[in-house]
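> My questions are about this predicted structure, shown below with the sequence.
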Amino acid sequence: MWYKTDLMEQILTSESAKQMIDYVSPIYGKSRIGLWLFQVIGLEIDDVKTICEDIFDQIFVDRATWGLPIWEKEYGITPLPDQTIEQRRTQILQMRIKRPLNPKRFETSTFIVQYSCFRRYRIRDGIELCDCFKLL
């Protein structure tokens, strides 16, 4: 924030809100309602950033969590119930050495991830929302 007021420091906790306030007139720094609007919008943007980062992490086996079943399906691996996430990742990485991911297989994997994400969409109040996006 290139300018600060006591009210801004009190209300704005979202990093996105602090960035957005720099793009508007300094008069909003004194507006309680305006600052709360920036805060609420900023929190939503922060959530979207977090979700996007999480989805991006699923592309990489060594950072994947909920995407591991997709990788396992791609390589035909059936995980054992007592395996840790690290063991499952190691097993996938070993299979990748044997069977590398070429552009066609990457396209197929990307389609599977997109399909699994789109499956979670539903209609609520006339707006398409993912299960992870909740209206406040």
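Nice, I can see it.
> What is the strand or helix carrying Gln91 packed up against?
Element membership for Gln91, per DSSP states H and E: helix 85-98. Judged by 3 or more CB pairs under 8 Å, 6 or more residues apart in numbering; DSSP states H and E, the packing partners of helix 85-98 are helix 68-75. Yep, even glycine has a C-beta here, placed from its N, CA and C like the rest.
> The helix it packs on versus helix 85-98: what angle between them?
Angle, helix 68-75 to helix 85-98, by axes from the mean of the first three to the mean of the last three CA atoms, to 10 degrees: 30 degrees.
> Now do the buried residues in helix 68-75.
Judged by neighbour count (16 or more other CB atoms under 10 Å), helix 68-75 contains these buried residues: 68, 71-72, 74-75.
> still on that earlier bit, what pLDDT, on average, does the helix holding Gln91 get?
Helix 85-98 shows a mean pLDDT of 89.
> Name the residues of that helix that are buried.
Buried, per 16+ other CB under 10 Å, within helix 85-98: 88-89, 91-92, 95.
> Export it to CSV, keeping only CA atoms.
Output for helix 85-98, consisting of C-alpha atoms alone and laid out as CSV, is shown next (Å, rounded to 0.1, in the frame of the first residue of the first chain):
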residue,chain,number,x,y,z
ILE,A,85,1.7,-40.1,0.3
GLU,A,86,5.5,-40.1,-0.1
GLN,A,87,5.6,-43.8,-0.9
ARG,A,88,2.8,-43.3,-3.5
ARG,A,89,4.7,-40.4,-5.0
THR,A,90,7.9,-42.5,-5.2
GLN,A,91,6.0,-45.3,-6.9
ILE,A,92,4.6,-42.9,-9.5
LEU,A,93,8.0,-41.4,-10.1
GLN,A,94,9.5,-44.9,-10.6
MET,A,95,6.8,-45.6,-13.2
ARG,A,96,7.5,-42.3,-15.0
ILE,A,97,11.1,-43.4,-15.5
LYS,A,98,9.8,-46.6,-17.2
